[in-house]
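>>> no sequence for this one, just the structure:
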């Protein structure tokens, strides 16, 4: 549906909503209790006495109880309370580590470097692959992931895949993939699918078995508004993709999208628990739960079915600790204080480690300790209800 | 002319090259076969007599010539250990378009036609149309090539192998051109349309090519090729030669190729109505199979042909004297002699016996110490020896170049690594039956099993990794990255860790010393947990772990490649010893050399179960050193850190303190094993085809087990012994093998020139399959291997008396026969899409901008098939400040992926770097216009060569 009719329809809806009759409505009721991370540990370079060598955190990857951290100046490993780091002096080929992936088969750690290509870090040895010595399409690497024996790399000039057995490199750009832009911002590889978030090009989906690409775009093509909700990807400027339980979560700078293979669902800050529509990364914990790293805090869609959210943010710029807001949609149900004390709420990355969650920000790293964690909603006898007034 | 018009015209002029270029690039490139060319170029009495001239030339028989016994000999001399008909290298000069995929060849194209028109003039589909061919310029635009001397010389430049076997005279281009001259045009246009023919019932003539489909190959005695080499096959074409025409004219015949008097004996089936010939029949093939054996349509199906009675009933004729006399009715026709000349029997299955040495490499022993399993590279077999009677009890033929064996913990299975076929043979240890084979990485060497025996770890020397094989599924489940030249594997006593040796050094920066890695694997998790670095070492091959798990021992050499080779007299080229890898991470290095009595090529190491002694084999001096481990530990314990780091690794007498003795064994000792009771050490005497038995109590070789190899020593074997012996070097420091393990490379750069000041550093080059790639040396100044290995070797390398002429001859013969590994990137005819695109780039004539690339700046000008070198020298802009000359040998590209680093001084670690870093001015081919994906494609294609 194109042309003027959709706009007229939208305006009509807006008018109906704005000037419609006010009436008292029931405040939504939680279908169950979401888990709220209240216990947090925060780490900065200062607080760790340099253990965290740099606290501009660009990438987080958990490998069992080990956390790999990509920073603006080095690769860091956090294990059993101890820090270890590798900089260029230690053989790291390039200082800015944007992404890390661990091969489940070999245990090798693959490191994506912003401007420096990629490296295999295996038992202390860095093997450097860059655009001059290998088939990597470009050295400005935003993201990488492991699929079987293949390493997939999202770069500023397209996607590369490297077969670690045959040594063959493949390049995917506008020449051989439905890539309207070649600025590939994020990548998520699973056994069956590889998803690429293309900044300005939507989401590309690679079918591992068929070796074919499928593209997902914003059907209304509008830049600033989502004209038809749930008609497709919420926006074409995508920043990440996360595929879990056959569900695709895609973040954009204008909201979050969920796709189950048939239906899309869109979320923006005004109609959901998103702290902001500006999402740096969305990471699905399951098909119904997604953690969103926004420029204004961490927004967790805990339960898709009931639209239950827990959003972690600093209520004010000078707040010492963060607050968790429990919401249904964008309706605040209650606030819960937390111990999280990071000074920066520009969240860049998220990772899960067992029941814990890690967040990386522009200034520091934090771990939410999931003591007694439960997924989804926990049924309780207590029912929260309240009357309020709402415009319809 | 208005300004606007001028602009338009200017734009058109600018666009012209682009349009032409695209047209040229998109031209149809299908090889059509000589029969298509023949349609116009066959006119015996007119001006276009090209077919007859070609068909009676050697070019037309080039493919069939590969069936000759000499071809096999030449192939062996060229390191080609497959049938010449299956070798891209042989086919490269013996047929047309062997590098093509099936889709690039029309159904009327046959490799059997040898070097036919399109070999020189290019694939015909683009220019074959009459209106195009009538216009030379137009035809050339459409792909017609008129090659010159350079093109011919790619195949006709002297090849050592051919000279040695065929004793051919020197090729003279002008004479050769005269010999095959086939100019001529004009005359009446041929009749293209042929009337439809209704086939008659009964036997019909099918043509020789139909017979040839089955009667090819060694199993059939190359019957088709034997015929093709005979005069019978040229009987028709010969009528169109000058001589044939003269004979005809003398008899009043104008065109013998249309005269019944001639055709009845110079063609097949002449006189039969057209309906008795199938479409596949070609009269131009002369006296074909069916001339003697009768029309074949009814008996040619395999089911009929293989049944003597059925085939006879279907028309297969028996050939006797009368058959021949129909044409050969001359008075003195000697039937037995003539039949012998054209004999083409099918072999009876018994292979011609060849000298086949055993060449034992590595061995494994059962827990009761009663049976040895020995991997023998020479005989492609595993030999089983009963240690009680010291006799061979079984020999199990497996695949190509079995390098090592390992026994399962329950001793029901033997696993053998075939480094020539990249597989593991699984053998029943009791019945000696080969149960299955498992594909692993490239060039598998040693193996180890986990404690349970369900996981096999395989060191892959050419893919630089370790395959992990699930033996329940008999398949490889993952690969772990090791280092370069992954070689040996030894488990720790508890089986939880595996120590993996790597033969080649890590890549190091230019003019920095080597550093080698021992990779440590967690056997339970199947992941690499440590990479132990050994500075200044390479050729780390043998590995063993002490019974108390305190340390591991590796064999190593320390190559001083950063100083000129002329320093050999100071004992400073290669030193030989062991590495001690302590549990706490410390690494010691100890030499086993003594002043002027070096320990060249330490190859394997074993430790006795009581941990008292280590035995180290030295392939270059035919000795095994006995190390008293307590004394070795004592020496290290009392040495300072500085002594351990800087003095002992270079100390030429320290070994006398802990080496009990050097025990003489057979030639070129390789792998060893210790009997479980610790009483005996068994040593594989690689070039004697024996196993030496060392009595540990006596520290002496007490017996020798003969593996049954031939007693005759061939020239090649003699050369192999010289190649592996350090006898020829000052102080016996090193052998040819020290720098060319397995005939390949050691991956480092040397200063081997006489300047003695470090100029002209050169990267080591492989010896695999190099004979016909002369000239040699990076400067291209040595025209033959004899020159390369002759007096020059003594002057620059060995510094003692040069080889005798007989030794040089033997050495050259052996080097020639070092086989090239099978290419791992091209399976059969098909290319992958990326390889196919890469081939386009390799053969492109126009840049991405559509401009014609000067011929000298195209890849395939200097690197033409089959060796992918024109065997000339060229300056590709790689002269460095250390080089005295920039004009260098054009290297061959076969299996180029095997031999990094690249360029003459090894500056390019990868193929990509040749162009991304070291071709800034497009002097090494026009490459800077390529996009990254095009370069990737080019690299993928290069790997298939």
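Here it is on my side, so go on. Here the structure is a predicted model, which is why all the values come from computation and not from measurement.
>>> and residue B:210, how many neighbours?
19 (other C-beta atoms under 10 Å in any protein chain shown). The way it works is simple: take the backbone N, C-alpha and C, and place the C-beta from them, glycine included.
>>> Repeat that for residue B:215.
Count around residue B:215 with other C-beta under 10 Å applied: 21.
>>> That one is in contact with residue B:228, isn't it?
No. Between residue B:215 and residue B:228 there is no contact under C-beta atoms under 8 Å: 10.7 Å.
>>> Can you classify whichever residue of the stretch 601-750 of chain B sits closest to chain A by secondary structure?
The stretch 601-750 of chain B approaches chain A most closely through residue B:747 (15.8 Å), counting by C-beta to the nearest C-beta. Under DSSP: H, G, I helix; E, B strand; the rest coil, the three-state class of residue B:747 is coil.
>>> In contact with it, which residues?
The neighbourhood of residue B:747, defined by C-beta atoms under 8 Å, 6 or more residues apart in numbering or on different chains, consists of B:484-485, B:504-505, B:507, B:538, B:764, B:900-901, B:906.
>>> So which bits of chain A are right by chain B?
A:105-108, A:120, A:122-125, A:127, A:131-135, A:137-138, A:149, A:157, A:164-166, A:168-171, A:173, A:175-176 (C-beta under 8 Å from any C-beta of the partner chain).
>>> Now, of those, which are buried?
With burial judged by 16 or more other C-beta atoms under 10 Å in any protein chain shown, the buried subset of the residues of chain A next to chain B is A:105-108, A:120, A:122-123, A:125, A:127, A:131, A:133-135, A:137-138, A:157, A:164, A:168-171, A:173.
>>> Give me the neighbour count for the residue of chain B found nearest chain A.
At 3.4 Å from chain A, residue B:527 is the closest residue in chain B, using C-beta to the nearest C-beta. Residues near residue B:527, counting by other C-beta under 10 Å, number 18.
>>> which residues does it contact?
A:106-108, B:480, B:521.
>>> how distant is stretch B:902-916 from the center of its chain?
22 Å (C-alpha atoms, centre = their mean, to the nearest Å).
>>> Can you tell me, leaving aside adjacent residues, what's nearest to the residue nearest the centre of chain B?
Centroid-nearest residue in chain B, with C-alpha atoms, centre = their mean: residue B:820, separated by 2.5 Å. Spatial nearest neighbour of residue B:820, excluding adjacent residues (C-beta to C-beta, 6 or more residues apart in numbering or on different chains): residue B:769 at 3.3 Å.
>>> ok, now how distant is that neighbour from residue B:811?
16 Å (C-beta to C-beta, to the nearest Å).
>>> any idea of the mean pLDDT for the host helix or strand of residue A:324?
Using DSSP states H and E, residue A:324 maps to strand A:323-328. The predicted model assigns strand A:323-328 a mean pLDDT of 97.
>>> what residues are up against residue A:95?
A:72-74, A:87-88, A:113, A:116.
>>> before we move on, the earlier item: any chance of the contacts of residue B:527 in TSV, plus pLDDT?
Shown next, in TSV, are those (pLDDT from 0 to 100):
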residue	pLDDT
A:106	97
A:107	96
A:108	98
B:480	98
B:521	98
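>>> Correct me if wrong: residue B:328 contacts residue B:338.
Yes. Between residue B:328 and residue B:338 there is a contact under C-beta under 8 Å: 6.9 Å.
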